[in-house]
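Engineer: my questions concern the predicted model and sequence given below.
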Amino acid sequence: MSKKQLENLFTKAESDKGLQRQIADCGVNNSCIVALGRKHGHKFSPATVSHWQREHA
């Protein structure tokens, strides 16, 4: 479920330049991406972000 939440955040970012910028500003800080996801109603862990990044590298 949390992987789907992360993917939903990234899908939302595709059409939201401000959100894209915020994600980019997080850089390699996965905790920042988690906090940003929570702000937008999504729940996932830093480990989920790490796994997603490895799968999509």
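Structural biologist: Alright, I've got the coordinates.

Engineer: tell me the secondary structure at Ala24.
Structural biologist: helix (DSSP: H, G, I helix; E, B strand; the rest coil).

Engineer: count the residues that sit near it.
Structural biologist: 9 (other C-beta atoms under 10 Å). Any C-beta I mention is one placed from the backbone N, CA and C, and that applies to glycine too.

Engineer: that one and Phe10, how far apart?
Structural biologist: 12 Å (C-beta to C-beta, to the nearest Å).

Engineer: now for Gln22, how many residues are close by?
Structural biologist: Look at Gln22: counted by other C-beta under 10 Å, it has 17 neighbours.

Engineer: for it, give me its contacts.
Structural biologist: Counting by C-beta atoms under 8 Å, 6 or more residues apart in numbering, Gln22 touches Leu36.

Engineer: and it, what's its pLDDT?
Structural biologist: Looking at Gln22, its pLDDT reads 97.

Engineer: measure it to Lys39 for me?
Structural biologist: With distances taken as C-beta to C-beta, Gln22 is found 9 Å from Lys39.
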